[in-house]
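Student: For reference, the sequence and a predicted model appear below.
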Amino acid sequence: MATSSKGWLSNLSTYASRIYFFLIILQIPLFRVPCRSGICTSPIQVTSSQLIASEIFPVPVVKALLYPGAIVNGLINNRTVPKWDNLLNLYNLTAAKEASALPDLQRLEPLNHLIAALSDENCVNELPTTKGLSGVLAGSYFSVAGALVGILKPGRMSMFGTLLVIWGLVKEGMLGRPVNADPTKAVFVYPTMLLAAICAFSSVKYDVKKVARSAPAQPLAKPLKSSSKSKLR
């Protein structure tokens, strides 16, 4: 019994990485934010809208990221498999290049502030001054990359991306963001975001034995023994 529990705990990071991968690649709704294509509900949708607009990767690569989630959503909603050629129209990405780049640029700016804050303590006070900005876009990049890399080797990229997304959602949705009149376009966080955060943190493998070995053992002070001469006195 003890052996099986230890084996399960040793493979916890692998299981968590796989669950996180399916949450991201199948486009399980984690949040709701405005993006180039309109409204995005997953890190892959946010990332794909930016990749299509910037033309960093070829269109077939972006379609390959979107297609697994499109198949699942099509089977659940319409019981049909979407066509490969109609994928960009399905996600409203055909007009993503002409869409305003301001929302995405605003979401990228906090990443520079965060990096500066980590490298320079004097920059920490600059973080709260960027009202209306978020790290959702930057966190989506790391989340998608971490989900893909985590299948081969679990690491910290998923955790870092999830933290950026959560920080961006909190900043954009709660701190100084004007209330959106249309509730369907307002920033929203789904309960599945908690599951994604748990999986992201659990995907990091911690070697407890290595930490215990690196910690030097502190010698315990032993009480002094009274000499035989002092007893005679």
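Tutor: Received, thanks. Bear in mind the structure is a predicted one, so any value in this text is a computation, not a measurement.
Student: Low-confidence stretches in this protein?
Tutor: 1-9, 96-134, 173-184, 206-233 (pLDDT under 70).
Student: could you pull out the helices for it?
Tutor: If DSSP state H is used as the criterion, the helices of the chain fall at 2-10, 12-25, 43-54, 59-77, 87-90, 102-119, 136-152, 157-173, 192-202, 208-214, 228-232.
Student: contacts for the third one?
Tutor: Residues external to helix 43-54 that are found in contact with it (C-beta atoms under 8 Å, 6 or more residues apart in numbering): 24-25, 27, 30, 33, 35-37, 40, 57, 59, 61-62, 65-66, 69, 88, 91, 93, 96-97, 99, 101, 104, 136-137, 139-141, 143-144, 161, 165. C-beta coordinates here come from the backbone N, C-alpha and C atoms, glycine included.
Student: try 7 Å
Tutor: Identification of contacts with helix 43-54 by C-beta atoms under 7 Å, 6 or more residues apart in numbering yields 24, 27, 35-37, 40, 57, 62, 65-66, 69, 91, 93, 96-97, 99, 101, 104, 136-137, 140-141, 143-144, 165.
Student: With the longest one instead?
Tutor: If you take C-beta under 7 Å, 6+ apart as the criterion, helix 59-77 is touched by 25-27, 44, 48, 51-52, 80-82, 84, 87, 90-91.
Student: Can you list the buried residues in that helix?
Tutor: 62-63, 65-67, 69-70, 72-73 (16 or more other C-beta atoms under 10 Å).
Student: Of all the helices of the chain, which one is nearest Ala186?
Tutor: Of all those, it is helix 157-173 that lies closest to Ala186, at 7.7 Å by C-beta to C-beta.
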